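Build me a model:
(2 chains)
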Amino acid sequence: MLSSSLIILVASIYLGGLFLLAFYSDRRAKKGGSSFVNSSVVYTLSLAVYCTSWTFYGAVGSAARSGLEFLTIYLGPTLVLVAWSFGLRKLVRISKSQRITSIADFISARYGKSVSISALVTIIAVIGVTPYIALQLQAVATSFDTLGAFNTLDTVGARRPSFVADTGFWVAVCMAVFVILFGTRNLGADERHPGIVAAIAFESIVKLLSLGAIAFLATYGLHDGLRDLFVQASANADVHKLYGFSEGFEPRWVVLTFLSAAAIICLPRQFQVAVVENVEERHVATASWLFPLYLMLVSMFVVPIAISGMTQLPASMNPDLYVLAVPLASGHETLALLAFIGGLSAATSMVIVASIALAIMISNHLVMPVILRFHFFSTHDSGDFSATLLLVRRLSIIAILSLGFTYYRLIGTSSPLASIGLISFVGIAQFLPALLGGIFWSGGTKKGALVGLATGFLLWVYTLLVPSFAGSGWAFMDVVEHGPWSIAFLKPDALFGFVGWDLIVHGVFWSMTVNTGLYVAVSLATRQSPIERLQSAVFVDALKDSKQVFEGALIRSVTIDDLYQLARRFLGEPRAHRLFEDFARQQGRTDELPSPDPALIAQVERELASNVGAASARSLISRIVKGETISLDTVINILDETQQAIRYSRELERKSKELEDTAAELRRANAQLTTLDKLKDDFLSRVSHELRTPMTSIRSFSEILVDQPDLETEQASRFLTIIQQESMRLTRLLDEILELGRLENDEIDWQLEDVDAVDAVRTAVETMRGLAQNNGVTLIDEMGEKPVMVKANSDRLKQVFINLLSNAIKFNDSPARKTWITLSNGTNTGWEIHVRDNGPGISAPDREGLFSKFSRGWDEHAGRHGGSGLGLAISKQIMKRLGGDLVLQPDAGDGACFTVRLPAV
Amino acid sequence: MSRNRRTRDAAFVLPVVMLLLLMPPYLQVFDQQSFLAGIPLLHVYIFSVWLAGIVVTAWLSRRMVMTSDTNVSASPGPNTTDPAER
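Numbers count the residues shown, from 1 in each chain, chains lettered A, B, ... in the order given. Sure thing, here's the model as predicted:
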């Protein structure tokens, strides 16, 4: 038998130590040292605030009552943590960037920082969590009573003690003092409480170790190992429900797994430790396996204790107390005390975190908006606001614990812990549609979330809370028994004729389906306001790497003085000063005040949000800013996710088109190069061939002259003449090749002047008249007397016509040989001079490439007629250089007709 | 890149597989009154799936943190190193 004073002493020492631990780690965190709080193990252990008295005492009770069902409460969170990279990580990332302070803040921030949503979520959270807090009070109170007076507690349903004599009352008072001391000592830069995180991490170790110790006792102290435990117990028919499932377990199994999965993120205290208190995102990665491991160990410990309790304790014993009763009954009082401390750890850590989380929500989302509305604060001298905030939080904590205590007094003691906890879970799970819809579906609207939350909550109250009130004989007995106004069709536990369903399954079915359905339907039917669209994009695209600037989307203006006053009053003088100084430095200003650009306003709003929540911060800011508009362009650019995809695909399309074009161009260039290469080869082979011919004759004649010195003089001089002619031909050929090369490479610089083309051409005609007469060709000049002025070089022009005329003369072999020179207006503003003969014309194969070097017909005719074959190519080049052209007219029957085009002056 | 992708896909599939294995149709396969090494078969099954899930998650999350680390180190950011992680 343990005396009450000893228990109180041990508990006080434990709680005092806890306070010191929290105090010490707060100090260390404030000094900025790399505190051990900043570790993934501590983060994981702080998540274990999930395991409350419900786990510590209730899981064993649940196992004893309904078998393996208790496992679902730990499998749900396991699955959520295993899927961390999609869910939890996103929540953490969003909350960091948005300075989220609570789940109410999160949901309201997603739906356009709506005050009504945050208030509604807060109300649901407070009412939903109240039974849960009552559960802790009940657990601590009964465990205390059990430990102090074990023998008297065998009888269930003892007389209720008076208000003040109720252990639960003192437990509630102690906890309120403890939480106020812990959680509201000051307002931090954010809603982080490193000291509390350290304390609850420590408590998580304590509760795991003490539960493990009892399980060890049950397995190896009271039995001879696991085999002995299970086999011995199988003699007891009652224990068999722990070995397998009972008939029809499926709905509850599925629903409870779902509920616990929802609870691990939706419970305000879980959101607080998992998201708000998270220091680094990567801690979530470690917790993703370490926390499931913790839960698995806890679940493993439960079974031996439950079996020992069922086989060795009287059937009248409350299964929720097996954890204490098993060591007590076997005389291990120290272990029982350890178990009590473990249970106390579980309860205090839950109450501390839950009431702090709820106090933050109440002060930020219920009280602040009211204060802001009634106490118009435009009076600048109304001082520092943070003191008011702290007071509000302290009062909220007292109110929360009072509410929990009231529920405990009115309803509590008769129900098993697990069933009380499950009612809370269903209430809290109402956040799930709005929360998940908020981060995965950009279409969810504020109205949809409001309607879904409100109806889900009302259905929860009706289908679960009302029956629980009725079950304890406090109120609504009539409604539950016969239905409202005696309409059985509307009975809370058999709504719309769903008779015979399990209460929890029934409540979850109605509240969740209606909640989700209305959320989606109303969202589809309503439109988002600009701020909602902005927030929905921020939330849904949080994990994308795109660096989008949302700040600039909100165009607001404000005087720097107003902004500073506001920041000072809510953040305190030092923080506001630091913030503004930093910004001034960033903006590169020498004086202390930065310019109030949108980035600064957004930053101040975020800082305010970390103290009073997004909705209140927004309404504070919007009181002092003017012209709050969202620039349409930015919004359209930023928000339309499809827009980005389209832009991206267009870009791709353009790029691939560009590539295609480039490839085609390259192919063309390549073909051209191949042709040019071939031409070059042709050219070289022809040049060498053409050089060979005169060289061969020069060589052979000179050899004859050398070999036969006694050659006749006449013959010798004939041979020498040939040698001379051939070498002259060689020289001419080389000269022409050189000239063509220079022309093609633009190396010749000519003086262009105003020239009378008719005069120049006539000079050429007169020059060629002698050659024509020798060949029997008549040159007919039909250009007339009028001068035609062109921009040209007179010598070059003559060269072109001499070449054309000599061709016309040399190649004409018809009986009456004639060549006409005529003048006409060109197609554009230029002139055209034609040289036409009545010779054989130019055959179709020769026409192609006539103007290229050594054209096709070259080696057939050139040698015979003494030309180099480069004349036309050179003439064409010259005309090009003169800005005109030289073309061959299409075959007009007899003879060839070349046209020289000349630009007018 | 494809390694990252496979890790991500695996991290998506794992919770789904675990959920299926821990829900009624599969669960009922092992709902027999028989013992494995003195422990009820159902317990052995549930806790094995649980443990396997934990091990695979640990492996996957380590890989994901490692790949995101290499990304982070490329761009300087306010990342304090965490001794407990290393």
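
Now the element after the helix or strand hosting A:G427, going C-ward?
Secondary structure assignment for A:G427, by DSSP states H and E: helix A:417-429. Next in sequence after helix A:417-429, counting helices and strands by DSSP H and E, comes helix A:431-440.

now check the one helix or strand in chain B whose mean pLDDT sits lowest, is it near chain A?
In chain B, no helix or strand scores lower on mean pLDDT, DSSP states H and E than strand B:35-36, which sits at a mean of 76. Yes: judged by C-beta under 8 Å from any C-beta of the partner chain, strand B:35-36 and chain A are in contact via B:F35. Glycine gets a C-beta too; all of them are placed from N, C-alpha and C.

about what we covered before: what about the helix holding A:G427, distance to the chain center?
In terms of C-alpha atoms, centre = their mean, to the nearest Å, the centre of helix A:417-429 is found 35 Å from the chain centre.

And it, what does it pack against?
Here helix A:417-429 touches helix A:60-66, helix A:115-148, helix A:250-266, helix A:446-460, helix A:503-525, going by 3 or more C-beta pairs under 8 Å, 6 or more residues apart in numbering or on different chains; DSSP states H and E.

hmm, back to that, now find how far off-centre the least confident helix or strand of chain B is within its chain.
Counting by C-alpha atoms, centre = their mean, strand B:35-36 is centred 26 Å from the centre of its parent chain.

Next secondary structure after that strand?
Downstream of strand B:35-36, the first helix or strand assigned by DSSP H and E is strand B:39-40.

List the residues that contact the residue in chain B positioned nearest to chain A.
Minimum separation of chain B from chain A (C-beta to the nearest C-beta) falls at B:G38, amounting to 2.8 Å. Residues near B:G38 by C-beta atoms under 8 Å, 6 or more residues apart in numbering or on different chains: A:G225, A:L226, A:R227, A:D228, A:F230, A:V231.

pLDDT wise, what is the residue nearest to the first one when sequence neighbours are not counted at?
Spelled out, it's A:G225. Of all residues beyond its chain neighbours, the one nearest A:G225 is A:T219 (6.5 Å), with distances taken as C-beta to C-beta, 6 or more residues apart in numbering or on different chains. Predicted confidence (pLDDT) at A:T219: the value is 85.

For A:T219, the count of nearby residues, please.
When neighbours are counted by other C-beta atoms under 10 Å in any protein chain shown, A:T219 registers 21.

Tell me the strands beside the least confident helix or strand of chain B, with direction?
Strand B:35-36 sits in its sheet next to strand B:39-40 (antiparallel), going by DSSP bridges.

Let me know the next secondary structure element after the partner strand.
For strand B:39-40, the following helix or strand on the C-terminal side (DSSP H and E) is helix B:41-74.

buried residues in that following helix?
By neighbour count on 16 or more other C-beta atoms under 10 Å in any protein chain shown, the buried set for helix B:41-74 is B:41-43, B:45-47, B:49-50, B:53-54, B:56-58, B:60-65.

So it, near chain A or not?
Yes: using C-beta under 8 Å from any C-beta, helix B:41-74 reaches chain A at B:42-43, B:46-47, B:50-51, B:53-55, B:57-58, B:61-62, B:64-65, B:68.

For that helix, which helices and strands make contact with it?
In terms of contacts (3+ C-beta pairs under 8 Å, 6+ apart), helix B:41-74 is packed against helix A:72-82, helix A:281-312, helix B:2-21, helix B:24-29.

Quick one: buried ones out of the contacts of B:G38?
Neighbour-count burial (16+ other C-beta under 10 Å) is assigned, among the contacts of B:G38, to A:L226, A:F230.

Relative to A:D677, which of the contacts of B:G38 is nearest.
The shortest approach to A:D677 among the contacts of B:G38 belongs to A:L226, at 88.3 Å (C-beta to C-beta).

ok now the helix or strand harbouring the closest one, how far from the chain's centre?
Using DSSP H and E, A:L226 sits in helix A:225-233. With C-alpha atoms, centre = their mean as the basis, helix A:225-233 stands 53 Å off its chain's centre.

Please apply the same query to stretch A:450-467.
Here stretch A:450-467 is found 35 Å from its chain centre; the criterion is C-alpha atoms, centre = their mean.

ditto for stretch A:682-697
Remark: stretch A:682-697 is offset 73 Å from the chain centroid, using C-alpha atoms, centre = their mean.

Quick one: mean pLDDT for it?
82.

Now it: buried residues?
Buried residues in stretch A:682-697, counting neighbours by 16+ other C-beta under 10 Å, are found at A:R686, A:V687, A:E690, A:P694, A:S697.

My guess is A:G244 contacts B:F35. True?
No: taking contacts as C-beta atoms under 8 Å, A:G244 lies outside contact range of B:F35: 11.6 Å.

Between those two, which has more neighbouring residues?
Counted by other C-beta under 10 Å, A:G244 and B:F35 do not tie: A:G244 has more neighbours, with 19 against 16.

A:M368 versus the closest residue to A:L571 other than its chain neighbours, what's the distance?
The spatial neighbour of A:L571 that comes closest, neighbours along the chain excluded (C-beta to C-beta, 6+ apart), is A:E607 at 5.9 Å. Separation of A:E607 from A:M368 (C-beta to C-beta, to the nearest Å): 15 Å.

which of those two has more neighbours?
For A:E607 versus A:M368, neighbours defined as other C-beta under 10 Å are more numerous around A:M368 (26 against 19).

quick one: contacts for that one?
A:M368 sits next to A:L389, A:V392, A:V612, A:G613, A:S616 when contact means C-beta under 8 Å, 6+ apart.

Mean confidence (pLDDT) on the helix or strand harbouring it, please.
A:M368 belongs to helix A:368-374 when assigned by DSSP H and E. Mean pLDDT, taken over the full extent of helix A:368-374, equals 75.

re the thing from before, which outside residues touch the least confident helix or strand of chain B?
Against strand B:35-36 from outside (C-beta under 8 Å, 6+ apart): A:F230, A:V231, B:L41, B:V44.

The residue nearest to A:L571 contacts A:G572, doesn't it?
No: using C-beta under 8 Å as the test, A:E607 is too far from A:G572 to be in contact (10.8 Å).

Need the CA coordinates for the helix holding A:G427. PDB is fine.
Extracted in PDB, the C-alpha atoms of helix A:417-429 (Å, rounded to 0.1, in the frame of the first residue of the first chain):
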ATOM      1  CA  LEU A 417     -11.100   5.700 -21.900                       C
ATOM      2  CA  ALA A 418     -10.900   4.500 -25.500                       C
ATOM      3  CA  SER A 419     -14.500   5.400 -26.300                       C
ATOM      4  CA  ILE A 420     -14.100   8.900 -24.900                       C
ATOM      5  CA  GLY A 421     -11.000   9.400 -27.000                       C
ATOM      6  CA  LEU A 422     -12.600   8.100 -30.100                       C
ATOM      7  CA  ILE A 423     -15.400  10.700 -29.900                       C
ATOM      8  CA  SER A 424     -12.700  13.300 -29.900                       C
ATOM      9  CA  PHE A 425     -11.000  11.800 -32.800                       C
ATOM     10  CA  VAL A 426     -14.200  11.900 -34.900                       C
ATOM     11  CA  GLY A 427     -14.700  15.600 -34.000                       C
ATOM     12  CA  ILE A 428     -11.200  16.500 -35.000                       C
ATOM     13  CA  ALA A 429     -11.300  14.400 -38.200                       C
END
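
Please name the nearest non-neighbouring residue to the residue nearest the centre of chain B.
By C-alpha atoms, centre = their mean, the mean C-alpha position of chain B lies nearest to B:T57, the distance being 2.3 Å. Setting aside the residues directly before and after it, B:T57 is nearest to A:W289 in space (C-beta to C-beta, 6+ apart), at 4.3 Å.

List the contacts of the one you found.
When contacts are counted by C-beta under 8 Å, 6+ apart, A:W289 touches A:L81, A:V82, B:I54, B:V55, B:T57, B:A58, B:S61.

neighbours around A:D756, how many?
Residues lying near A:D756 (other C-beta under 10 Å) number 15.

Cool, thanks, talk later.
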